[in-house]
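**Student:** give the three-dimensional model of this entry:
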Amino acid sequence: MKKVFFVIAGFISSLNLWAQQYPFQDPQRSSRERERDLTSRLTLKKGGINV
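**Tutor:** Below is the predicted model:
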């Protein structure tokens, strides 16, 4: 049972290695650049679905 747990835990932790890192998550970028990227992802684009 412990072996299965460790295999599953290892698999789940390895998923983080494959996760995409967005520019707003990159601490090497400037605060302004990270802010622009994040707000562009949160802002609705014109011509999209009107609610």
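
**Student:** measure the residue nearest to Leu38 when sequence neighbours are not counted to Phe5 for me?
**Tutor:** Nearest residue to Leu38, sequence neighbours excluded (C-beta to C-beta, 6 or more residues apart in numbering): Phe24, at 3.9 Å. C-beta here means a position set from N, CA and C on the backbone, and glycine is covered the same way. Using C-beta to C-beta, to the nearest Å, one obtains 34 Å as the distance from Phe24 to Phe5.

**Student:** tally of neighbours for Gly10?
**Tutor:** 9 (other C-beta atoms under 10 Å).

**Student:** circling back to that earlier point, residues contacting the residue nearest to Leu38?
**Tutor:** Going by C-beta atoms under 8 Å, 6 or more residues apart in numbering, Phe24 touches Arg34, Glu35, Asp37, Leu38, Arg41.

**Student:** in which helix or strand would I find the second one?
**Tutor:** Meaning Glu35. When elements are assigned from DSSP states H and E, Glu35 belongs to helix 31-42.

**Student:** give the buried residues for that helix.
**Tutor:** Arg34, Asp37 (16 or more other C-beta atoms under 10 Å).

**Student:** what does stretch 23-32 give?
**Tutor:** Phe24.

**Student:** quick check, pLDDT for Met1.
**Tutor:** Predicted confidence (pLDDT) at Met1: the value is 75.
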